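*Asks:* okay, sequence plus prediction incoming.
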Amino acid sequence: MPKLNSVVVTEGMKKIGKVYDVFGPVKRPYISVRLYEAAKAHVLRNQRIYVL
């Protein structure tokens, strides 16, 4: 289960934000990510992200 405030990165290990909220079913949770200002300018659509 992802923890709140965990760092979220792209495949290239670029930090894009932090986990803001975890919701949904326990077996397949969803996360809400609060993006850093610098990441808002990048297009992240259809890209995998990872929680550290």
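*Replies:* Received the coordinates, thanks.
*Asks:* any stretches of this protein with poor pLDDT?
*Replies:* For the chain, the stretches with pLDDT under 70 are 41.
*Asks:* top strand in it by residue count?
*Replies:* In terms of residue count, the longest strand belonging to the chain (DSSP state E) is strand 15-23.
*Asks:* which ones are touching the closest residue in space to Leu44 that isn't next to it in sequence?
*Replies:* Excluding its sequence neighbours, the residue lying closest to Leu44 (CB to CB, 6 or more residues apart in numbering) is Ile16, at 6.7 Å. Glycine gets a C-beta too; all of them are placed from N, C-alpha and C. Ile16 sits next to 8-10, 33, 35-36, 39, 42, 44, 49 when contact means CB atoms under 8 Å, 6 or more residues apart in numbering.
*Asks:* and what of Ile49?
*Replies:* 8-10, 16, 33 are the contacts of Ile49 under CB under 8 Å, 6+ apart.
*Asks:* how much space separates the closest residue to Tyr36 other than its chain neighbours from Tyr30?
*Replies:* The shortest distance from Tyr36 to any non-neighbouring residue, by CB to CB, 6+ apart, is to Gly17 (5.3 Å). From Gly17 over to Tyr30 the distance is 15 Å, taken as CB to CB, to the nearest Å.
*Asks:* and the two? which has more neighbours close in?
*Replies:* Gly17 (20 against 10; other CB atoms under 10 Å).
*Asks:* if I look at the residue nearest to Val26 when sequence neighbours are not counted, how far off is Tyr30?
*Replies:* Nearest residue to Val26, sequence neighbours excluded (CB to CB, 6+ apart): Met1, at 7.6 Å. Met1 is 11 Å from Tyr30, where distance means CB to CB.
*Asks:* nice, that's everything, thank you.
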